[in-house]
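Enquirer: need a structure here:
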Amino acid sequence: MISRAQSENRPSVTVHADRQPSPRPGRRRRTGRRCTALLLLFILWLASTGALGALPAAISGAGLSAVATAHAAPTSAEESTSPPQVVVSIKPLHALTAGVMAGVAEPYLLLAAGDSPHTYAMRPSAARAVRNADLVVYISPHFERFLESALEARRSGDRRSDELAVATIDAITLHSGQREHAVDLAHSAGDSAHDHGDKHGHDHDHHHDHERDYHLWLDPHNAKAITRALAERLAELDPEHAERYQANAAAQQRRLAELDERLRERLEPIGDRPFVVFHDAYQYFERRYDLAALGAVTLDPERQPGARHLRELRAQLAEHEAVCLFSEPQFRPATVDALARGLDVRTGELDPLGAGLEPGPQMYFTLLERLADALIDCLADGTDG
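Expert: As a prediction, the model looks like this:
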C-alpha cells in the first residue's frame with residue numbers, strides 16, 4: 001500500500017481569505033508613463049524659455065533624450081499584461097485553480113479554514129474582491145448562495161463579467177440529490193428538515209437543489225474536467241501565459257489520474273463494509289470507489305435531530321449493522337455520539353472541505369487521501385490501509 005505521506009511532500013501556497021489582491025502592475029506602469037510625459041513637457045517648456053541655458057548642453061541634451069526615450073519606447077516588461085485576478089469560493093476548487101496558475105499568480109480564496117458554504121456570510125472585503133476579479137470560480141448558484149448579491153453587482157458593473165460555475169462544465173458528472181441504492185435514513189427516520197417550513201427547504205437548496213448534489217469535487221474525474229476548463233478559460237483571459245496554464249493543467253491531470261488509481265487500490269479492501277455519514281455529502285467519493293454507504297443521518301446539516309428522531313435513527317443503524325458512523329468537523333459531534341452510544345458501531349470523522357488543511361495546489365490531493373485514511377481507520381477489520 002502507498003502511504004499518505006507520499007501525497008504530502010509537495011509545497012503548498014498559503015492564501016488568506018481576508019487579504020485583498022494587490023494593485024495591478026499594469027496600472028502602476030500607466031501612472032508612471034503619465035508622470036514621465038508631464039515631466040517631458042515641463043522640461044521642454046523650460047528649454048523654450050531659456051531657463052535651461054545655465055545647464056551644460058550635454059547634460060540637458062542627454063536628459064531630454066533619456067526622458068523622451070523612456071516615454072516613447074516602453075520595455076518589454078512594461079508592455080506585458082499582468083495576470084488575471086481570480087477569486088475562488090471553496091478550498092478544494094481553490095487548490096485546483098492554484099495548480100493551474102502555478103508560476104503565474106495566486107488565486108484569492110473566499111472561505112477560510114472552518115467556514116462552511118452552508119453558513120458563510122460574505123465580508124465587505126470579500127465582496128469587493130468578487131466585484132473586482134477578472135474571473136470568479138465557484139460550484140453553482142445553488143451551492144454558494146452567499147455569492148448571489150456580489151455576482152449580481154459584478155454583472156451590473158462596467159467591467160467584463162467572467163465566471164466559471166464548474167457544475168455547468170459539459171464533462172462534469174452530476175449526481176442526483178436523491179440516492180438510488182442507499183437506505184434513506186433521514187426520511188425513513190422522519191427527518192423534519194423537509195417537513196417544516198420554507199427555511200429548512202432553503203437550507204437544503206444550499207447543497208442539493210432538490211435535484212442535484214453539488215459536492216462534485218470529491219470525484220477525481222470531475223477534478224480533471226475542472227482542471228481542463230480552468231486552463232482554457234485562463235488562456236482566453238491571459239494569452240501571454242497560455243502555455244504555462246496548459247502545461248500546469250496537463251501535469252495536474254496526470255497527478256489526478258495517479259491519485260485516482262492509488263485511492264481505488266487503498267479502498268478496495270473495505271468496499272463491503274457498511275457505514276453511515278452524518279451529512280449527505282460524500283456520494284461522489286462513495287460511487288467512485290464502490291463503497292458500501294448506507295446513507296446519511298440528515299440532509300440538512302444545520303438542523304439537529306430531536307429525541308424521537310434519534311431513537312428512530314438508532315433503530316435503523318442497528319437494523320442495517322453499520323460498522324461506522326461519521327461526523328464532520330464543521331458540525332457538532334454530539335448527535336453522532338448520542339447515536340452511537342450503546343450500539344456496536346465505531347465513530348470517525350470525514351471532512352469534505354479540508355477545514356484544517358493549508359490552501360494551495362497540494363490541498364486537493366491531501367483532502368482525498370485523508371478521506372481515504374479516515375474511512376480505512378474506522379472500517380478496516382485487521383486490514384492495513
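
Enquirer: Which of the helices or strands spans the closest residue to Q330 other than its chain neighbours?
Expert: Distances taken as CB to CB, 6 or more residues apart in numbering put S116 closest to Q330, at 4.5 Å, once the chain neighbours are dropped. C-beta: built from backbone N, CA, C; applies to glycine. Under DSSP states H and E, no helix or strand contains S116.

Enquirer: quick one: the strands in the stretch 251-385 of the chain?
Expert: 275-279, 293-298, 324-327, 346-349 (DSSP state E, counting those that start in this stretch).

Enquirer: any idea of the mean pLDDT in the last one?
Expert: Right, strand 346-349. Regarding strand 346-349, the rounded mean pLDDT is 92.

Enquirer: go on, the third one?
Expert: Strand 324-327 comes out with an average pLDDT of 92.

Enquirer: Check stretch 141-156 too.
Expert: 89.

Enquirer: Show me which positions of that stretch end up buried.
Expert: 141-147, 150-151, 154 (16 or more other CB atoms under 10 Å).

Enquirer: Check stretch 101-109 too.
Expert: Residues of stretch 101-109 classed as buried by neighbour count (16+ other CB under 10 Å): 101-102, 104-109.

Enquirer: Straight-line length of it, end to end?
Expert: 14 Å (CA to CA, to the nearest Å).

Enquirer: Do a quick rundown of the helices in the chain.
Expert: 25-49, 57-72, 76-79, 91-101, 124-132, 148-155, 185-188, 197-205, 220-237, 242-267, 283-288, 307-320, 334-340, 363-379 (DSSP state H).

Enquirer: thinking again about what came up before, let's have the strands of the stretch 251-385 of the chain in JSON lines, adding distance to L263.
Expert: Shown next, in JSON lines, are the strands of the stretch 251-385 of the chain (distance: least, CB to CB, whole Å):
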{"stretch": "strand 275-279", "distance to L263": "16"}
{"stretch": "strand 293-298", "distance to L263": "15"}
{"stretch": "strand 324-327", "distance to L263": "17"}
{"stretch": "strand 346-349", "distance to L263": "17"}
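
Enquirer: any idea how far L96 is from L259?
Expert: 12 Å (CB to CB, to the nearest Å).

Enquirer: Just confirm T335 contacts V297, I think it does.
Expert: Yes - contact criterion CB atoms under 8 Å: T335 and V297 qualify, at 7.0 Å.

Enquirer: Pick out whichever of these two has more residues nearby.
Expert: Legend: neighbour count by other CB atoms under 10 Å for T335 and V297, higher for V297 (26 against 19).

Enquirer: distance of that one from A150?
Expert: 33 Å.

Enquirer: Nearest residue to T173 in space, ignoring adjacent ones along the chain?
Expert: N222 (5.9 Å).

Enquirer: Let's see the pLDDT reported for that neighbour.
Expert: If you check N222, the pLDDT there is 98.

Enquirer: which residues sit in contact with it?
Expert: Shown in contact with N222 (CB atoms under 8 Å, 6 or more residues apart in numbering): 166, 172-173, 216, 284.

Enquirer: Pull out the buried members of the residues you listed.
Expert: Buried subset of the contacts of N222 (neighbour count, 16+ other CB under 10 Å): 166, 172, 216, 284.

Enquirer: wait, what's in contact with the last one?
Expert: Residues counted as contacts of Y284 (CB under 8 Å, 6+ apart) are 173, 175, 213, 215-219, 222.

Enquirer: Same list, these, but as a markdown table with distance to R255 please.
Expert: Output for these, formatted as a markdown table (distance: CB to CB, whole Å):
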| residue | distance to R255 |
| --- | --- |
| T173 | 19 |
| H175 | 24 |
| D213 | 25 |
| H215 | 21 |
| L216 | 19 |
| W217 | 15 |
| L218 | 16 |
| D219 | 15 |
| N222 | 15 |
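
Enquirer: low-scoring stretches of the stretch 201-350 of the chain, by residue?
Expert: In the predicted model of the stretch 201-350 of the chain, residues 201-210, 298-305, 331-333 satisfy pLDDT under 70.

Enquirer: what about R341, how many neighbours?
Expert: Using other CB under 10 Å, R341 has 11 other residues around it.

Enquirer: The one 10 residues further on now?
Expert: The local packing count at D351 equals 18, with neighbours defined by other CB under 10 Å.

Enquirer: Same check on R308?
Expert: 11.

Enquirer: D272 too?
Expert: Neighbours around D272, by other CB under 10 Å: 11.

Enquirer: Spit out the contact partners of it.
Expert: Applying CB under 8 Å, 6+ apart, the residues contacting D272 are A292.

Enquirer: how far away is it from D381?
Expert: 10 Å.

Enquirer: re earlier: would a markdown table of the contacts of N222 with distance to G342 be doable?
Expert: Below are the contacts of N222 laid out as a markdown table (distance: CB to CB, whole Å):
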| residue | distance to G342 |
| --- | --- |
| V166 | 43 |
| I172 | 42 |
| T173 | 39 |
| L216 | 37 |
| Y284 | 32 |
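
Enquirer: and the gap between G306 and T335?
Expert: Taking CB to CB, one finds G306 at 10 Å from T335.

Enquirer: Same question for L313.
Expert: For L313, the distance to T335 equals 9 Å [CB to CB].

Enquirer: One more: A133?
Expert: Counting by CB to CB, the gap from A133 to T335 is 38 Å.

Enquirer: Could you do L371 as well?
Expert: For L371 relative to T335 (CB to CB), the value is 21 Å.

Enquirer: do D170 as well
Expert: According to CB to CB, D170 stands 39 Å off from T335.

Enquirer: ok, now R314?
Expert: 11 Å.

Enquirer: now swap in Y214 and tell me
Expert: Taken as CB to CB, the span from Y214 to T335 is 23 Å.
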